[in-house]
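Visitor: Pasted the sequence and its predicted model underneath.
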Amino acid sequence: MMSETDEIHIVDLCETIARKAHEGQTRHRGADKGKSYIIHPERMAGNADSYITEAICWLHDTLEDTDLTKECLVGLGVPEAVVYRVMILSKKKGEGYLDFILRVSGDALATSVKVLDIQDNLKSLEPCCLRDKYLMALYILGYK
């Protein structure tokens, strides 16, 4: 069992990595357009129900949207359980969205983070075609 101090350290580490990795990036759509990207994982982490979910929230887009790699995250001290979920939450080159969501649905922690991701995106999006894609994904992920 991990101590509360260790859990806090992991979350702080993941937050620091995410803030540095996404530095200079901005949100591209909706109400958040032009705002610092980091507000997105920050809001997600604020809704997490455990330290590990919070850590994953901070890093969920780093492999997809930054130069960081799995090996970098491990080398920086991110626990393998977190890195594994970040990998699941990273869409593979050429992978369709439906296949991606079905893959995510196979892991409970990745699913809970993806639901937080979609919920946050839905709140900040103006009505558009992405809404239907996200609502379909929530249905597949079992969110009611």
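Guide: Nice, thanks for sending it over.
Visitor: contacts, neighbours, all on C-alpha from now
Guide: Noted.
Visitor: center of this protein, which residue is that?
Guide: residue 60 (2.7 Å; C-alpha atoms, centre = their mean).
Visitor: And that one, how far from residue 142?
Guide: Counting by C-alpha to C-alpha, to the nearest Å, the gap between residue 60 and residue 142 amounts to 20 Å.
Visitor: Residue 86 too?
Guide: 20 Å.
Visitor: So these two - more neighbours on which side?
Guide: residue 86 (26 against 11; other C-alpha atoms under 10 Å).
Visitor: Any buried residues in the one helix or strand the more buried one maps to, and which?
Guide: Assessed by DSSP states H and E, residue 86 sits inside helix 80-88. Buried residues in helix 80-88, counted by 16 or more other C-alpha atoms under 10 Å: 82-83, 85-88.
Visitor: Need the max-distance pair from the residues you listed.
Guide: 82 and 88 (10.0 Å; C-alpha to C-alpha).
Visitor: Leaving out chain neighbours, which residue sits closest to the residue nearest to the centre of the chain?
Guide: Taking C-alpha to C-alpha, 6 or more residues apart in numbering as the measure, residue 60 lies nearest to residue 86, with 5.1 Å between them; neighbours along the chain are not counted.
Visitor: pretty sure that neighbour contacts residue 63?
Guide: Yes - the criterion here is C-alpha atoms under 8 Å, and residue 86 meets it with residue 63 at 7.4 Å.
Visitor: ok now the lowest-mean-pLDDT helix or strand in the chain, how far from the chain's centre?
Guide: Using mean pLDDT, DSSP states H and E, helix 129-140 stands out as the lowest-scoring helix or strand of the chain, at a mean of 86. Centre-to-centre, helix 129-140 and its host chain are 16 Å apart (C-alpha atoms, centre = their mean, to the nearest Å).
Visitor: That helix: which residues count as buried?
Guide: 131, 134, 137-138.
Visitor: Also stretch 61-80?
Guide: So, applying 16+ other C-alpha under 10 Å, buried residues of stretch 61-80: 61-64, 70, 73, 78.
Visitor: averaged over its residues, what pLDDT does that stretch have?
Guide: Computed over stretch 61-80, the mean pLDDT rounds to 97.
Visitor: Ends of that stretch, what's the gap?
Guide: 16 Å.
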